[in-house]
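K.L.:
no FASTA, just this:
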Ligand code: TRP
């Protein structure tokens, strides 16, 4: 079977380097691999509205930010369809039919939904739209007959829910939908990056992000004040690598070539780590090295972003085209779904005949 990718992001802020090492870098690799017949990357604005109903302007502003970030890391509209979820009404229609195949209890058991309800203090009053977003996400995935969904492990319950809906739909109405596989991050091409303060996650509200669009100065400032090993007080003290944010970032970004250029005292990261653990290597030196690595990695991305920023109409044109192409695919799937459910009355030639015979036997 031909392989098709669908994945996406909620447009609630600019993307940061956590997104880059966690998913964006991998998406570009998948795009260049030539293994996929189609790739769809969705800006999930309708999903973002399920918990930002009072703040549509935030979602509206961030659509172009996310699109700029996509283009600047190398997603290529010639190879990848970038689409805006809300502009494909077929997705909403699919959701409405899938809702009949899922119980309230099943959604309540979804660990990601549970965690989000807590995080947003929704306990007492959960918006129905928010509650049903896993079903809408199943529509996103199945509408494009996606075989492969590259996402972080927090999305695992969503893919499992999708697979259940597909199995249920196919068993009730006949083989129609494609059961997708999750593609989890592997440690080589994508990993989870902590915030610059060492907290588990980068997040705008914690102020511990480095953005793809951060300036040279902002990056430097963030690196030089980064969390390291609080027990490493004097240069001569032995230092810890585990839980040391600077080394976690180096794991994600550096390769041996960077040592030759910026830190020839070591051949590779293992040597640098060993020295740090022995004692005698100061945080400032490691941070300066990390700063060089990040500056060199992020400069071309930022420069490309600036080029696209000068032509915003082009960016919207990319989104419009990507959405149009995608909508046709979703419309085909919706047609298949309605045919399988036999709610395609005006295309169903046998129906008129059947009803006529019933009354005129
Ligand atoms: N839920 C995803 C997130 O919060 C975004 C998303 C929406 C998505 N629809 C999707 C991801 C379909 C993968 C497939 O990041």
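P.N.:
Nice, thanks for sending it over. This structure is a prediction, so every number in the text was calculated from the model and none was measured. Residues are numbered from 1 along each chain as shown.

K.L.:
tally of neighbours for the residue of the chain found nearest the ligand?
P.N.:
Using C-beta to the nearest ligand atom, the point where the chain gets nearest to the ligand is residue 44, with a distance of 3.5 Å. C-beta: built from backbone N, CA, C; applies to glycine. When neighbours are counted by other C-beta atoms under 10 Å, residue 44 registers 25.

K.L.:
touching, it and residue 6? I think so.
P.N.:
No. Between residue 44 and residue 6 there is no contact under C-beta atoms under 8 Å: 10.7 Å.

K.L.:
what touches both of the two?
P.N.:
Both residue 44 and residue 6 are in contact with residue 140, where contact means C-beta atoms under 8 Å, 6 or more residues apart in numbering.

K.L.:
about what we covered before: report the contact partners of the residue of the chain closest to the ligand.
P.N.:
Contacts for residue 44 (C-beta under 8 Å, 6+ apart) come out as 8, 9, 10, 11, 85, 140.

K.L.:
need phi/psi at the spatially closest residue to residue 179 that is not a sequence neighbour.
P.N.:
In space, residue 179 comes closest to residue 166 once its chain neighbours are excluded; the distance is 4.5 Å by C-beta to C-beta, 6 or more residues apart in numbering. Phi and psi for residue 166, reported as degrees, to the nearest 10, are phi -60, psi -50.

K.L.:
quick one: list the elements packing against the helix ranked longest in the chain.
P.N.:
Identified as the longest helix of the chain according to DSSP state H is helix 312-340. Packing partners of helix 312-340 (3 or more C-beta pairs under 8 Å, 6 or more residues apart in numbering; DSSP states H and E): strand 38-43, helix 56-73, strand 81-84, helix 89-98, helix 133-143, helix 156-173.

K.L.:
and the pLDDT at the residue of the chain closest to the ligand?
P.N.:
pLDDT recorded at residue 44 is 98.

K.L.:
kindly report the same for the one 4 residues further on.
P.N.:
The model reports residue 48 with a pLDDT of 97.

K.L.:
which SSE is it in?
P.N.:
helix 45-49 (DSSP states H and E).

K.L.:
and that helix, how far from the chain's centre?
P.N.:
Here the centre of helix 45-49 is set off from its chain's centre by 14 Å, with C-alpha atoms, centre = their mean, to the nearest Å.

K.L.:
what's the answer for stretch 40-57, then?
P.N.:
Mean C-alpha position of stretch 40-57 versus that of the full chain (C-alpha atoms, centre = their mean) differs by 13 Å.

K.L.:
start to end distance for that stretch?
P.N.:
Criterion C-alpha to C-alpha, to the nearest Å; first-to-last residue distance in stretch 40-57 is 25 Å.

K.L.:
what's near enough to touch residue 227?
P.N.:
196, 197, 198, 244, 245, 246.

K.L.:
residue 214: which of those is nearest?
P.N.:
Relative to residue 214, the closest of the contacts of residue 227 is residue 196; by C-beta to C-beta it sits at 10.8 Å.

K.L.:
wait, doesn't that closest one sit right on residue 221?
P.N.:
No. Taking contacts as C-beta under 8 Å, residue 196 lies outside contact range of residue 221: 9.6 Å.

K.L.:
neighbour count winner among these two?
P.N.:
Shown here are residue 196 and residue 221; by other C-beta under 10 Å, residue 196 has more neighbours (23 against 15).

K.L.:
and the more buried one, which of the three is it?
P.N.:
Under the three-state scheme (DSSP: H, G, I helix; E, B strand; the rest coil), residue 196 adopts coil.

K.L.:
what about residue 54, how many residues nearby?
P.N.:
Neighbours of residue 54 (other C-beta under 10 Å): 8.

K.L.:
and it, how far from residue 122?
P.N.:
13 Å (C-beta to C-beta, to the nearest Å).

K.L.:
about what we covered before: what does the helix holding residue 48 contact?
P.N.:
For helix 45-49, contacts defined as C-beta under 8 Å, 6+ apart pick out 10-12, 56, 59-60, 62-63, 84-86, 91-92, 129, 133, 136-137, 140.

K.L.:
list buried residues within those residues.
P.N.:
By neighbour count, with 16 or more other C-beta atoms under 10 Å, the contacts of helix 45-49 hold 10-12, 59, 62-63, 84-86, 91, 133, 136-137, 140 as buried.

K.L.:
report pLDDT for the nearest residue to residue 112 once chain neighbours are set aside.
P.N.:
What sits nearest to residue 112 in space, not counting adjacent residues and going by C-beta to C-beta, 6+ apart, is residue 157, at 4.8 Å. At residue 157 the predicted local confidence, pLDDT, stands at 96.

K.L.:
and for the one 5 residues further on?
P.N.:
At residue 162, the pLDDT value in this model is 98.

K.L.:
please list all residues in contact with the closest residue to it other than its chain neighbours.
P.N.:
Closest residue to residue 162 apart from its sequence neighbours, by C-beta to C-beta, 6+ apart: residue 138 at 4.0 Å. Contacts for residue 138 (C-beta under 8 Å, 6+ apart) come out as 95, 98, 158, 161, 162, 165, 166.
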